[in-house]
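# A predicted structure for the sequence below; I have some questions about it.
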Amino acid sequence: VAAGLAKQEFRPPEFREVPAERATHTLEPPDFGAFRSRPVAVIGRGHTACEFAILLKEAGAEVELISRGGIFWTGSRKRGTANGTGMRHVLRTRLRPASPIGPFPLDWLIQAPALFRRLPQGLQQRIAEVSLRPTASSWLLARADGVRLTPGRSVIAARGEAGGVALQLDDGRALVVDHIVLATGYRTDVAREAILSAGIIAGIRQAEGSPLLSLGLESSVPGLHFAGSAAVHSLGPLLRSVWGAGWAARALTKAVLAGR
């Protein structure tokens, strides 16, 4: 099963009372041109959140990007950015492995899923959180003018009302927009895989919705393997990215041939 992130979108509970026609998750891109001259709020701070906000702005919408923390721009060469500059930055860059996933030196540990899965579960979770934190590519900066950035704020309540969506922020501010775009990421839940029957899903050992996998990406159902984001819980952040495709292909091939 290599079904990607389809049906795995995460919609925070604060937005449950917003009608579906007023809230779009980035899994299903909207018609950006339909929001010309309309106020739109984008919730999130990763690359997808920033890119959607910019595309909406370029389509003529009035856009505000609301995020719990500041935006971490990656790949920037400008002084004063979160990436750092000088000799330390140069050495860190040259010492990094081929995959850019995770901060140095955790990136080397992430390259070895077999080692990662031997770590205590709490440490695994912490490394995954740090390595998969929201970031945005710095090439977007040149196109970000006109997008209102509201970092360090959370939406604590949202509800649909006549002609729009009313949002309440944790600093007491209230605003009304025509539409909200949820760039709130994904959470693996194997039960939502439409191609699997309830009987098969019941036989899969899971942890918080993720299948527990062997080094060969095999689940507790013999012959049923999972690749991609579903493998992150067992084998680490490398499996979330295309950078992990080579390792996954070799591990899966070895396991299948051994089974024969």
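Arrived safely, thanks for sending. Numbering: from 1, shown residues only.
# okay, now residue 40: neighbour count?
24 (other CB atoms under 10 Å). For every residue, glycine as well, the C-beta is placed using N, CA and C.
# distance check, it against residue 24.
9 Å (CB to CB, to the nearest Å).
# residues in contact with residue 130?
Counting by CB atoms under 8 Å, 6 or more residues apart in numbering, residue 130 makes contact with 102, 103, 106.
# please give the element, helix or strand, for it.
Using DSSP states H and E, residue 130 falls within helix 121-131.
# now render the contacts of residue 130 as TSV, adding secondary structure and distance to residue 164.
Formatted as TSV, those follow (DSSP: H, G, I helix; E, B strand; the rest coil; distance: CB to CB, whole Å):
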residue	secondary structure	distance to residue 164
102	coil	40
103	coil	40
106	helix	43
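# output the residues you listed as CSV; include the columns distance to residue 117, pLDDT and neighbour count.
Output for those, formatted as CSV (distance: CB to CB, whole Å; pLDDT from 0 to 100; neighbours: other CB atoms under 10 Å):
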residue, distance to residue 117, pLDDT, neighbour count
102, 16, 81, 23
103, 20, 82, 13
106, 15, 86, 18
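# for these, which one is nearest residue 147?
For those, the residue nearest residue 147 by CB to CB is residue 103; the value is 27.0 Å.
# just the pLDDT for the nearest residue to that closest one once chain neighbours are set aside.
Counting by CB to CB, 6 or more residues apart in numbering, the nearest residue to residue 103 once its immediate chain neighbours are dropped is residue 130, at 6.4 Å. Predicted confidence (pLDDT) for residue 130: 87.
# so for the helix holding residue 130, what gets flagged as buried?
124, 127, 128, 131 (16 or more other CB atoms under 10 Å).
# that helix: how far from the chain's middle?
In terms of CA atoms, centre = their mean, to the nearest Å, the centre of helix 121-131 is found 15 Å from the chain centre.
# residues near residue 62, how many?
18.
# ok, now residue 141?
When neighbours are counted by other CB under 10 Å, residue 141 comes out with 17.
# thought it was touching residue 74?
No: using CB atoms under 8 Å as the test, residue 141 is too far from residue 74 to be in contact (11.0 Å).
# quick one, phi/psi of residue 176?
Backbone torsions for residue 176, taken as degrees, to the nearest 10, come to phi -120, psi 130.
# for it, give its distance to residue 31.
22 Å.
# looking at the two, which one has more neighbours?
Shown here are residue 176 and residue 31; by other CB under 10 Å, residue 176 has more neighbours (13 against 8).
# what's the pLDDT at the more buried one?
95.
# beta partners for it?
Under DSSP bridges, the beta-bridge partners of residue 176 are residue 166.
# okay, and the helix or strand of this protein with the least pLDDT?
Lowest by mean pLDDT, DSSP states H and E among the helices and strands of the chain is helix 86-94, with a mean of 66.
# quick check: pLDDT value at residue 82.
46.
# for residue 181, give me its contacts.
23-26, 30, 40-43, 49, 52-53, 56.
# again, but for residue 107
96, 97, 99, 100, 101, 131.
# kindly report the same for residue 167.
41, 66, 155, 157, 158, 174, 175, 176, 177, 180.
# tell me the contacts of the residue lying closest to residue 62 once chain neighbours are set aside?
The shortest distance from residue 62 to any non-neighbouring residue, by CB to CB, 6+ apart, is to residue 39 (4.5 Å). Residue 39 sits next to 61, 62, 63, 64, 164, 176, 177, 178 when contact means CB under 8 Å, 6+ apart.
# now do 10 Å
61, 62, 63, 64, 148, 164, 165, 175, 176, 177, 178, 179 (CB atoms under 10 Å, 6 or more residues apart in numbering).
# could you pick out the buried ones from these?
By 16+ other CB under 10 Å, those give 61, 62, 63, 64, 164, 165, 175, 177, 178, 179 as buried.
# ok, of those residues, which one's closest to residue 137?
For the buried ones among the contacts of residue 39, the nearest to residue 137 is residue 63 (18.1 Å; CB to CB).
# for the helix or strand hosting residue 114, packing partners?
Secondary structure from DSSP H and E places residue 114 in helix 113-116. Here helix 113-116 touches helix 106-110, helix 121-131, helix 232-235, helix 245-259, going by 3 or more CB pairs under 10 Å, 6 or more residues apart in numbering; DSSP states H and E.
# okay then, goodbye and thanks.
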